[in-house]
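Engineer: no FASTA, just this:
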(Lines give C-alpha, C1' and ligand atoms only; values in the text may rest on other atoms or scores of the structure.)
Protein backbone atom coordinates (compact mmCIF):
# COMPACT_ATOMS: atom_id res chain seq x y z
CA UNK A 1 0.00 0.00 0.00
CA UNK A 2 1.45 3.34 -1.03
CA UNK A 3 1.21 6.58 0.90
CA UNK A 4 -1.22 9.32 -0.05
CA UNK A 5 -1.88 12.98 0.52
CA UNK A 6 -5.37 13.76 1.81
CA UNK A 7 -6.75 17.28 1.32
CA UNK A 8 -9.42 18.38 3.79
CA UNK A 9 -11.14 21.65 4.65
CA UNK A 10 -10.96 23.12 8.13
CA UNK A 11 -13.91 24.63 9.98
CA UNK A 12 -12.51 28.10 9.20
CA UNK A 13 -12.63 27.37 5.46
CA UNK A 14 -8.88 26.85 5.01
CA UNK A 15 -7.50 23.81 3.21
CA UNK A 16 -4.90 21.48 4.66
CA UNK A 17 -3.21 18.25 3.67
CA UNK A 18 -1.85 15.30 5.53
CA UNK A 19 0.56 12.70 4.20
CA UNK A 20 -0.49 9.25 5.29
CA UNK A 21 1.68 6.14 5.16
CA UNK A 22 0.44 2.97 3.49
CA UNK A 23 -1.00 1.83 6.84
CA UNK A 24 -3.12 5.00 7.05
CA UNK A 25 -1.07 6.64 9.81
CA UNK A 26 -0.49 10.38 9.39
CA UNK A 27 3.22 11.13 9.07
CA UNK A 28 3.11 14.80 8.06
CA UNK A 29 0.52 17.55 8.38
CA UNK A 30 0.35 20.97 6.76
CA UNK A 31 -0.56 24.46 7.81
CA UNK A 32 -3.84 25.98 6.68
CA UNK A 33 -4.05 27.37 3.14
CA UNK A 34 -6.57 29.97 1.94
CA UNK A 35 -7.06 28.25 -1.43
CA UNK A 36 -7.02 24.69 -2.70
CA UNK A 37 -4.43 25.70 -5.32
CA UNK A 38 -2.08 26.87 -2.57
CA UNK A 39 -2.65 23.57 -0.72
CA UNK A 40 -1.85 21.59 -3.88
CA UNK A 41 1.31 23.69 -4.32
CA UNK A 42 2.25 22.72 -0.77
CA UNK A 43 1.89 19.04 -1.68
CA UNK A 44 4.11 19.54 -4.74
CA UNK A 45 6.67 21.23 -2.50
CA UNK A 46 6.64 18.29 -0.07
CA UNK A 47 7.18 15.87 -2.96
CA UNK A 48 10.19 17.90 -4.13
CA UNK A 49 11.78 18.78 -0.81
CA UNK A 50 11.26 15.42 0.88
CA UNK A 51 14.22 14.02 -1.02
CA UNK A 52 16.68 16.54 0.47
CA UNK A 53 17.96 15.60 3.95
CA UNK A 54 18.86 19.23 4.67
CA UNK A 55 15.18 20.21 4.45
CA UNK A 56 14.26 18.12 7.52
CA UNK A 57 14.61 19.84 10.87
CA UNK A 58 14.34 17.54 13.92
CA UNK A 59 13.21 19.13 17.17
CA UNK A 60 12.53 18.23 20.79
CA UNK A 61 9.39 19.65 22.37
CA UNK A 62 9.08 21.11 25.87
CA UNK A 63 7.54 17.83 27.07
CA UNK A 64 10.53 15.82 25.75
CA UNK A 65 8.79 14.45 22.66
CA UNK A 66 10.48 14.45 19.26
CA UNK A 67 9.10 15.82 15.99
CA UNK A 68 10.31 17.25 12.71
CA UNK A 69 9.48 19.99 10.26
CA UNK A 70 9.96 19.80 6.52
CA UNK A 71 11.02 23.10 5.04
CA UNK A 72 10.79 24.49 1.51
CA UNK A 73 13.76 26.02 -0.30
CA UNK A 74 12.77 29.44 1.09
CA UNK A 75 12.93 28.10 4.65
CA UNK A 76 9.16 28.10 5.18
CA UNK A 77 7.74 25.09 7.05
CA UNK A 78 5.56 23.04 4.69
CA UNK A 79 4.82 20.14 6.99
CA UNK A 80 5.10 19.05 10.61
CA UNK A 81 5.18 15.51 11.95
CA UNK A 82 3.33 13.98 14.84
CA UNK A 83 5.06 13.75 18.22
CA UNK A 84 7.32 10.75 18.78
CA UNK A 85 8.42 9.19 22.06
CA UNK A 86 11.98 8.55 20.89
CA UNK A 87 14.50 10.16 18.58
CA UNK A 88 14.82 6.93 16.60
CA UNK A 89 11.04 6.87 16.00
CA UNK A 90 11.30 10.45 14.74
CA UNK A 91 14.06 9.41 12.34
CA UNK A 92 11.84 6.56 11.13
CA UNK A 93 9.11 9.14 10.49
CA UNK A 94 11.49 11.17 8.32
CA UNK A 95 12.42 8.02 6.40
CA UNK A 96 8.72 7.28 5.90
CA UNK A 97 8.11 10.75 4.44
CA UNK A 98 11.09 10.31 2.11
CA UNK A 99 9.70 6.94 0.98
CA UNK A 100 6.01 7.84 0.69
CA UNK A 101 5.89 11.47 -0.49
CA UNK A 102 7.40 11.37 -4.00
CA UNK A 103 4.85 9.02 -5.57
CA UNK A 104 1.90 9.52 -3.23
CA UNK A 105 -1.48 10.01 -4.85
CA UNK A 106 -3.70 12.91 -3.80
CA UNK A 107 -7.16 12.23 -2.36
CA UNK A 108 -9.35 15.31 -2.28
CA UNK A 109 -11.87 15.23 0.61
CA UNK A 110 -12.34 19.01 0.74
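Structural biologist: Arrived safely, thanks for sending. Here the structure is a predicted model, which is why all the values come from computation and not from measurement. Residues are numbered from 1 along each chain as shown.
Engineer: beta partners for residue 79?
Structural biologist: Beta-bridge partners for residue 79, by DSSP bridges, are residue 70.
Engineer: isn't it up against residue 57?
Structural biologist: No - counting by CB atoms under 8 Å, residue 57 is not a contact partner of residue 79; they are 10.8 Å apart. Heads up, the C-betas are built off the backbone N, CA and C, glycines and all.
Engineer: more neighbours, the two?
Structural biologist: Just comparing residue 79 and residue 57: by other CB atoms under 10 Å the higher neighbour count belongs to residue 79, 27 against 14.
Engineer: re earlier: now for residue 79 and residue 57: what residues contact both?
Structural biologist: Listed contacts common to residue 79 and residue 57 are 69-70; contacts here mean CB atoms under 8 Å, 6 or more residues apart in numbering.
Engineer: look up how far residue 44 lies from residue 37.
Structural biologist: Distance, residue 37 to residue 44, using CB to CB, to the nearest Å: 11 Å.
Engineer: what ranges do the helices span in the protein?
Structural biologist: With DSSP state H applied, the chain shows helices at 36-49, 87-100, listed in chain order.
Engineer: in stretch 29-44, what's buried?
Structural biologist: Buried residues in stretch 29-44, counted by 16 or more other CB atoms under 10 Å: 30-31, 33, 39-40, 42-43.
Engineer: in stretch 102-110, what's buried?
Structural biologist: Buried residues in stretch 102-110, counted by 16+ other CB under 10 Å: residue 104.
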